[in-house]
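**Q** next comes the sequence, and after it the predicted model I'd like to discuss.
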Amino acid sequence: MGMNVGTDSGEDEVLSAINTTPLVDVMLVLLIIFLITIPVVTTSIKVDLPKETNVVRETKPENVIISVNGAGGIFLYDTPIKNSRDLLDRMKVFAAKKPQPEVQIRGDAKSNFESVGRVMYAVQRAGIVKVGFITEPTGP
């Protein structure tokens, strides 16, 4: 009883097809592992997230309004401010008042935010603790 292996010429045939079955098996196992572990990672810590509320701001006469236009110019109410030192001196006057007024900053969306940063720095150096930003409400 004999067995014939290979061809008659004695050379082995070259197998040109790639067996993709092990690759598919590994990929399915990885997919299952990721599907199981991702929900555990994202919800493992219980956190009470804050709820968004839209609070209507009241403009009181004692509020200080600082505006920054698109060119970076700083205005206290409607009066232009020359430089950061001038703004700091004016903010120290408001900081000395009892009760201290709230500073509301109106920054143009197209302005360089370096100017808004200078306003915030001057307000902080003057010692004013109540600072807010005025924005446009988003549509429904």
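**A** Done, it's in.
**Q** mean confidence score for stretch 102-109?
**A** Along stretch 102-109, the predicted local confidence has a mean pLDDT of 85.
**Q** just checking, Val119 touches Ser67?
**A** No - counting by CB atoms under 8 Å, Ser67 is not a contact partner of Val119; they are 9.3 Å apart. In this view, the C-beta of every residue, glycine as well, is placed from N, C-alpha and C.
**Q** more neighbours: which of those two?
**A** Val119 (24 against 20; other CB atoms under 10 Å).
**Q** OK, contacts around that one?
**A** Neighbour list for Val119: 66, 68, 74, 87, 105, 107 [criterion: CB atoms under 8 Å, 6 or more residues apart in numbering].
**Q** of all these, which comes closest to Ala17?
**A** Comparing the contacts of Val119 against Ala17 with CB to CB places Gly107 closest, at 65.5 Å.
**Q** now do the contacts for that closest one.
**A** 67-68, 113, 115-116, 119, 133.
**Q** switch the cut-off to 10 Å
**A** Applying CB atoms under 10 Å, 6 or more residues apart in numbering to Gly107 gives the contacts 66-70, 113, 115-117, 119-120, 133-135.
**Q** which of those sit farthest apart?
**A** The largest separation in the contacts of Gly107, counting by CB to CB, is between Gly70 and Met120 at 18.0 Å.
**Q** neighbour count: these two, which is higher?
**A** Looking at Gly70 and Met120 with other CB under 10 Å, you find the greater number of neighbours at Met120, namely 17 against 12.
**Q** quick one: the more buried one and Val68, what's the gap?
**A** 10 Å (CB to CB, to the nearest Å).
**Q** list residues touching both of these two?
**A** Listed as contacting both Met120 and Val68 by CB under 10 Å, 6+ apart are 105, 107, 113.
**Q** just the ones of the residues you listed in helices?
**A** Cross-referencing the shared contacts of Met120 and Val68 with the helices (criterion: DSSP state H) gives Phe113 as the overlap.
**Q** can you lay out the shared contacts of Met120 and Val68 as a markdown table showing distance to Gly127?
**A** Converted to a markdown table, the shared contacts of Met120 and Val68 look like this (distance: CB to CB, whole Å):
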| residue | distance to Gly127 |
| --- | --- |
| Ile105 | 16 |
| Gly107 | 21 |
| Phe113 | 23 |
